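[1] Sequence first, then the predicted structure:
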There are 2 protein chains.
Amino acid sequence: MNPRFVRVRPDSTIDEALSYLRRQARERGLYETIYYAYVLDHEQRVLGVISFRELLAAPGDRLVRHVMNSDVVTVSADTDQEEVARILNRHDLLALPVLDARGRLQGIVTVDDVADVIQEEATEDIQKLGGMEALDFPYFDTGLVAMVKKRAGWLAALFVGEMLTASAMAAYETEIAAAVVLALFVPLIISSGGNSGSQATTLVIRAMALGQVRLRDWWRVARRELVSGLALGAILASIGFVRVVAWQAAFGTYGRHAGLIALVVGLSLVGVVAWGTLIGSMLPFLLRRLGFDPASASAPFVATVVDVSGLVIYFTLARLLLTGALL
Amino acid sequence: MNPRFVRVRPDSTIDEALSYLRRQARERGLYETIYYAYVLDHEQRVLGVISFRELLAAPGDRLVRHVMNSDVVTVSADTDQEEVARILNRHDLLALPVLDARGRLQGIVTVDDVADVIQEEATEDIQKLGGMEALDFPYFDTGLVAMVKKRAGWLAALFVGEMLTASAMAAYETEIAAAVVLALFVPLIISSGGNSGSQATTLVIRAMALGQVRLRDWWRVARRELVSGLALGAILASIGFVRVVAWQAAFGTYGRHAGLIALVVGLSLVGVVAWGTLIGSMLPFLLRRLGFDPASASAPFVATVVDVSGLVIYFTLARLLLTGALL
């Protein structure tokens, strides 16, 4: 917030206001990055605003009160920076007056501050989405030790979470020993869940940051994403099914139960992609509801959550469909 | 670009310039979002710039030529939007004059356009980083079919790439059949490579978008990221090593070769994380060098590339260290 703003009286004429501004500017160098004059009453409350170009364009003998715009968009000192950016943007303004609790003008925030804020907030969100803490300085200005610290925390946390996959896999060790072919598709299937979850979480986090999606929209988003997820899953399942059948026809890779394996892979893909998409879209809501930054629902975080459940979906389907055949 | 700019003559006095502006404004409503007057010669070339606040602050009898700022920052019509945003930001300007090839003023770009551009560019980059095409409209304004289309392309491409993991796994089928325990760590190891790659690619893409990292910095980035990657890999390797040894002590999960398995897992983690970090940081450079958008090096894209090579690193180390023992 900049405390140096330009004030004029409502009952000056335009000519008087202009001479007053010119005198003020010469004597005190009052305005630095400021292009509006605020019209204040005797208690410093904002009656209206007039831009310098309106001041220049108005007939000299009219009263400020009759030229000013009395429909002033204001913010308070505790308005969130991103919200200030949205308001400036929505109303195409260069500056916003900041009022105290009693409606008195405290200072202004200007659009060039806001461009910086937008840039910084986007950088923070992007770095969090990459699965790390936001850096405090530009890339090359961040020392190696600081850089490793910003990344090691999340990486280690994700690693510990991902350890559950080793436990989940161990639970299906018998199945894997009986049909090693099942192990071959593990990376393919869990990564598809992770990728679709990454898309969904990225979309929702950005839409939240831009104010397009609010907390109360969670159910609408859940339904949309479930449908999208099923469609995307069906697309990948078709490709996966064709892959298994084609490799079987060409190389005989998967033995005499190739058809069943193709079915397990295909159905797992539908399940894992729909599940990944749903989880990815709901995690930002959950985090925000719990008071955390939704941008922490990074692509790697979602992938980790989805990897474990993806394994369970895949091996459960394998058990159901392959028992009596391969298992 | 806005073609309606305000011009003044270098040899007017400030008072003349102000009356001229006031007359112009009243007669033709000339300036809309514009807060600078450009001082032009007779061939429309920019001699200097003077802000309305400087105009108001200057003594009325001085010449425009003596008050104007002759060190004008300009752009040309084909300057990239993000570059325009960076220039406005760096110089804290509200508008920039756009010149044609012969140095004549064509119009201006203003900071409020730029705030929109910054926001849009960040949204595009974030959506690409999530592994999808950027949306053309806000989340809820994008129809379900359009939404699925924007996501299916990349998801299918990543899926086809990820199919290589099935081939890579198949190449090690004998090892997996001989030691199923090896399969248990596959998701843990490849996801660690993907996560560290996601961090590195996100950092580099954002630093490139902000102009902090340029194409010629690739070697500097490569060295930094290799060192970071080795450090991060060592951290994860320690956790992984402890995990295998602890589970062995508690449950005897991994049999009499648990020590060797812990070693394979630990060394693989160092290799996969360092490799993932290096690949993740270099892909944006490669893409930009080839003329693509570096933001296409999304977290899922990097993860897919790293998954296949991660498997090769892991199973190669397993072969080297376990032959004669488990294999």
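    Great, that's in hand. Residues are numbered from 1 along each chain as shown, chains lettered A, B, ... in the order given.
[2] for the stretch 51-200 of chain A, which spans come out with low pLDDT?
    In the predicted model, the stretch 51-200 of chain A carries no residue with pLDDT under 70.
[3] State which one residue of it is found closest to chain B.
    Residue nearest to chain B within the stretch 51-200 of chain A: A:G130 (2.6 Å; CB to the nearest CB). In short, each C-beta sits where N, CA and C put it, glycine included.
[4] so what's that residue closest to, chain neighbours aside?
    In space, A:G130 comes closest to B:T202 once its chain neighbours are excluded; the distance is 2.6 Å by CB to CB, 6 or more residues apart in numbering or on different chains.
[5] The one you found falls within a helix, correct?
    Yes. In this structure, B:T202 lies within a helix as judged by DSSP: H, G, I helix; E, B strand; the rest coil.
[6] about what we covered before: isn't the residue of the stretch 51-200 of chain A closest to chain B up against B:A207?
    No. Proximity of A:G130 to B:A207 does not meet the contact threshold set by CB atoms under 8 Å, at 11.5 Å.
[7] For the residue of the stretch 51-200 of chain A closest to chain B, give me phi and psi.
    As for A:G130, its main-chain torsions (degrees, to the nearest 10) stand at phi -80, psi 0.
[8] What number of residues are in the vicinity of it?
    Residues near A:G130, counting by other CB atoms under 10 Å in any protein chain shown, number 29.
[9] Then A:A231?
    20.
[10] Can you tell me the closest non-neighbouring residue to it?
    Per CB to CB, 6+ apart, closest to A:A231 is B:V148, 4.8 Å.
[11] From the contact counts, what lies against the longest helix seen in chain A?
    Looking across chain A with DSSP state H, the single longest helix is helix A:218-251. In terms of contacts (3 or more CB pairs under 8 Å, 6 or more residues apart in numbering or on different chains; DSSP states H and E), helix A:218-251 is packed against helix A:186-209, helix A:258-289, helix B:144-171.
[12] Select, out of these, the one closest to A:S298.
    helix A:186-209 (7.4 Å; CB to CB).
[13] got the angle for the closest one vs helix A:218-251?
    Taking axes from the mean of the first three to the mean of the last three CA atoms, to 10 degrees, one finds helix A:186-209 and helix A:218-251 inclined to each other by 150 degrees.
[14] dump the residue contacts of the residue of chain A positioned farthest from its centre.
    Within chain A, A:D61 marks the point farthest from the mean C-alpha position, 50.9 Å out by CA atoms, centre = their mean. Going by CB atoms under 8 Å, 6 or more residues apart in numbering or on different chains, A:D61 touches A:T13, A:I14, A:D15.
[15] Derive a ChimeraX selection command for the buried subset of these.
    Entered in ChimeraX, the line below selects the buried ones among these, by 16 or more other CB atoms under 10 Å in any protein chain shown:
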select /A:13,14
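[16] Out of the contacts of A:D61, which comes closest to B:R288?
    B:R288 lies nearest to A:I14 out of these, by CB to CB, at 53.2 Å.
[17] Nearest residue to that closest one in space, please, no chain neighbours.
    Distance criterion CB to CB, 6+ apart; nearest residue to A:I14, sequence neighbours excluded, is A:A58 at 4.6 Å.
[18] Am I right that the one you found is in contact with A:V67?
    Yes. Using CB under 8 Å, A:A58 makes contact with A:V67 at a distance of 4.6 Å.
[19] residues shared between the contacts of these two?
    Residues touching both A:A58 and A:V67 by CB under 8 Å, 6+ apart: A:I14.
[20] Settle it for me: which of the two has more neighbours?
    With neighbours defined as other CB under 10 Å, A:A58 and A:V67 compare such that A:A58 has more, 23 against 18.
[21] can you pull the contacts of the more buried one?
    Going by CB under 8 Å, 6+ apart, A:A58 touches A:I14, A:V67, B:R26.
[22] which among these gets closest to B:P138?
    A:V67 (36.4 Å).
[23] OK, contacts around that closest one?
    Residues in contact with A:V67, defined by CB under 8 Å, 6+ apart, are A:I14, A:I50, A:E54, A:L55, A:A58.
[24] partners of the second one in the sheet?
    Yep, that's A:I50 we're talking about. For A:I50, the beta-bridge partners are A:A37 (DSSP bridges).
[25] I'd guessed it sits against A:V39; true?
    Yes. Counting by CB under 8 Å, A:I50 touches A:V39, with 6.4 Å between them.
[26] more neighbours, these two?
    Under the criterion of other CB under 10 Å, the comparison of A:I50 against A:V39 puts A:V39 first, with 24 against 21.
[27] tell me the phi and psi of the nearest residue to the more buried one once chain neighbours are set aside?
    Excluding the flanking residues, the one nearest A:V39 by CB to CB, 6+ apart is A:G48, at 4.2 Å. Per-residue torsions, A:G48: phi -180, psi -180 (degrees, to the nearest 10).
[28] Would you quantify the distance from A:G48 to chain B?
    19 Å (CB to the nearest CB, to the nearest Å).
[29] Spell out which residues sit in contact with the residue in the stretch 151-300 of chain A positioned nearest to chain B, please.
    Closest to chain B within the stretch 151-300 of chain A is A:T202: 2.6 Å, counting by CB to the nearest CB. Residues counted as contacts of A:T202 (CB under 8 Å, 6+ apart) are A:L129, A:A299, B:I126, B:Q127, B:L129, B:G130, B:G131, B:M132.
[30] Check the gap between the fifth one and A:V84 for me.
    I take that to be B:L129. Going from B:L129 to A:V84 by CB to CB, to the nearest Å gives 26 Å.
[31] Comparing the two, which shows the higher neighbour count?
    Neighbour tally, B:L129 and A:V84, criterion other CB under 10 Å: the higher count belongs to B:L129, 28 against 19.
[32] Apart from its neighbours in sequence, what residue is nearest the more buried one?
    That would be B:S298: by CB to CB, 6+ apart, it lies 5.1 Å from B:L129.
[33] Report the contact partners of the nearest residue to A:A171 once chain neighbours are set aside.
    Nearest residue to A:A171, sequence neighbours excluded (CB to CB, 6+ apart): A:F315, at 7.8 Å. Contacts for A:F315 (CB under 8 Å, 6+ apart) come out as A:A168, A:A171, A:Y172, A:E175, A:L182.
[34] Over to A:V186?
    By CB under 8 Å, 6+ apart, the contact set of A:V186 is A:M169, A:L311, A:Y314, B:M169, B:A183, B:V186, B:P187.
[35] mind checking which helix or strand the second one is in?
    Applying DSSP states H and E as the criterion places A:L311 in helix A:299-322.
[36] Now that helix: average pLDDT?
    Averaging the model's pLDDT scores along helix A:299-322 yields 91.
[37] Buried residues in that helix, which are they?
    A:299-311, A:313-315, A:317-318, A:321-322.
[38] Just the CA coordinates for it, please, in PDB.
    The C-alpha coordinates for helix A:299-322 follow below in PDB (Å, rounded to 0.1, in the frame of the first residue of the first chain):
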ATOM      1  CA  ALA A 299       0.900 -33.500  -9.200                       C
ATOM      2  CA  PRO A 300       3.400 -35.700  -7.400                       C
ATOM      3  CA  PHE A 301       1.200 -35.700  -4.200                       C
ATOM      4  CA  VAL A 302      -1.800 -36.800  -6.100                       C
ATOM      5  CA  ALA A 303       0.200 -39.400  -8.000                       C
ATOM      6  CA  THR A 304       1.400 -40.900  -4.700                       C
ATOM      7  CA  VAL A 305      -2.100 -41.100  -3.300                       C
ATOM      8  CA  VAL A 306      -3.400 -42.700  -6.500                       C
ATOM      9  CA  ASP A 307      -0.400 -45.100  -6.900                       C
ATOM     10  CA  VAL A 308      -1.400 -47.100  -3.800                       C
ATOM     11  CA  SER A 309      -5.100 -47.200  -4.600                       C
ATOM     12  CA  GLY A 310      -4.300 -48.000  -8.200                       C
ATOM     13  CA  LEU A 311      -2.400 -51.100  -7.200                       C
ATOM     14  CA  VAL A 312      -5.300 -52.200  -5.100                       C
ATOM     15  CA  ILE A 313      -7.800 -51.700  -8.000                       C
ATOM     16  CA  TYR A 314      -5.500 -53.600 -10.400                       C
ATOM     17  CA  PHE A 315      -4.700 -56.600  -8.300                       C
ATOM     18  CA  THR A 316      -8.300 -56.900  -7.000                       C
ATOM     19  CA  LEU A 317      -9.600 -57.000 -10.600                       C
ATOM     20  CA  ALA A 318      -6.800 -59.500 -11.400                       C
ATOM     21  CA  ARG A 319      -7.800 -61.800  -8.500                       C
ATOM     22  CA  LEU A 320     -11.500 -61.600  -9.600                       C
ATOM     23  CA  LEU A 321     -10.900 -62.300 -13.200                       C
ATOM     24  CA  LEU A 322      -7.900 -64.600 -13.300                       C
END
